[in-house]
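S.K.: Give me coordinates for this.
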Amino acid sequence: MSDLIVIAFSDDASAFRARAEFVQLQRDYLVEMEDVVVVTRSAEGQVQLHQAVNMTAAGAMGGTLWGTMIGLLFLNPLLGAAAGAAAGALSGSLTDLGIEDDFLREVGGSLDSGGAALAVLLRKFTADRVIDRLGSMGGRVLQTSLPQDLEERLRARLALGAGMIAPVPTTPAAEDISAAPAPGLGGAPGHVSSAVIPTASGGAVSEEP
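M.R.: Alright, predicted model coming up:
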């Protein structure tokens, strides 16, 4: 059984980067995707689906190949290719593999203007390593079909990635700097020498500052 993950982002660039990360995860044999789609909503509210594979084009290409082979058998490859392409395009347009388009449009309608979402359907994946890799993407989980414990871990990891803030180096307060003794050689506090005041009798007394 495949698992669905839908993650929302504040802009389409983040969603496309997330899709690229899933592609890399598949190359690393950590996931096996059945479908992956980026859904965007424009500032005017228009929803657009960015499919990884155009099923109509794929069907036409496959139909052309088979049509050519059949046409060769009947000594008319051009006619066979044309018929095969038409049949392939028709079958491709009627086939909705992976995530349903109607569901994806509903997701797009729920997004903020200018926002985007990534919907990915996974046949299998290595949960621990994948969740760790996804943490840097940020975003927020809209919907999953994962077990509850995995979904909670994914939500927490994405929230952590979205809230990462670089630590700001602190400096001592101005009054602390002015109150501190001047550093001596090697960084040690400098020694303050006492003043020597001559007396009328020829002796001397020292006066601490």
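S.K.: Provide a list of residue ranges in this structure with pLDDT below threshold.
M.R.: Counting by pLDDT under 70, the chain shows low-confidence ranges at 53-97, 162-209.
S.K.: now the strands: where do they sit in it?
M.R.: 3-9, 31-41, 47-51, 116-125, 140-144, 195-198, 204-207 (DSSP state E).
S.K.: Let me have those strands in a markdown table, extended by distance to residue 158 and mean neighbour count.
M.R.: (Glycine included, C-beta is placed from N, CA and C.) Below are the strands of the chain laid out as a markdown table (distance: least, Cβ to Cβ, whole Å; neighbours: other Cβ atoms under 10 Å):
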| stretch | distance to residue 158 | mean neighbour count |
| --- | --- | --- |
| strand 3-9 | 7 | 21 |
| strand 31-41 | 16 | 20 |
| strand 47-51 | 21 | 15 |
| strand 116-125 | 11 | 21 |
| strand 140-144 | 6 | 16 |
| strand 195-198 | 67 | 10 |
| strand 204-207 | 68 | 9 |
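S.K.: and those strands as a markdown table, adding distance to residue 21?
M.R.: Below are these laid out as a markdown table (distance: least, Cβ to Cβ, whole Å):
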| stretch | distance to residue 21 |
| --- | --- |
| strand 3-9 | 11 |
| strand 31-41 | 10 |
| strand 47-51 | 15 |
| strand 116-125 | 9 |
| strand 140-144 | 15 |
| strand 195-198 | 71 |
| strand 204-207 | 73 |
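S.K.: so which of those comes closest to residue 105?
M.R.: Nearest to residue 105 among these is strand 47-51 (5.5 Å), distances taken as Cβ to Cβ.
S.K.: Next, work out how far apart residue 32 and residue 44 are.
M.R.: The gap separating residue 32 from residue 44 is 37 Å, by Cβ to Cβ, to the nearest Å.
S.K.: Ok, residue 120 next?
M.R.: The gap separating residue 120 from residue 44 is 26 Å, by Cβ to Cβ.
S.K.: next one: residue 133
M.R.: When Cβ to Cβ is applied, the distance between residue 133 and residue 44 equals 34 Å.
S.K.: Please identify which of those two sits among more neighbours.
M.R.: Comparing residue 133 with residue 44 by other Cβ atoms under 10 Å, the one with more neighbours is residue 133, at 18 against 7.
S.K.: Find the residue closest to that one in space, skipping its chain neighbours.
M.R.: residue 25 (6.2 Å; Cβ to Cβ, 6 or more residues apart in numbering).
S.K.: Next: residue 101.
M.R.: residue 49 is the one closest to residue 101 (Cβ to Cβ, 6+ apart), at 6.4 Å.
S.K.: Contact partners for that neighbour?
M.R.: By Cβ atoms under 8 Å, 6 or more residues apart in numbering, the contact set of residue 49 is 37, 38, 39, 101, 104, 105, 108.
S.K.: and residue 145, what does it touch?
M.R.: Contacts for residue 145 were tallied using Cβ under 8 Å, 6+ apart; they are 3, 4, 5.
S.K.: Apart from its neighbours in sequence, what residue is nearest residue 127?
M.R.: Closest residue to residue 127 apart from its sequence neighbours, by Cβ to Cβ, 6+ apart: residue 150 at 5.7 Å.
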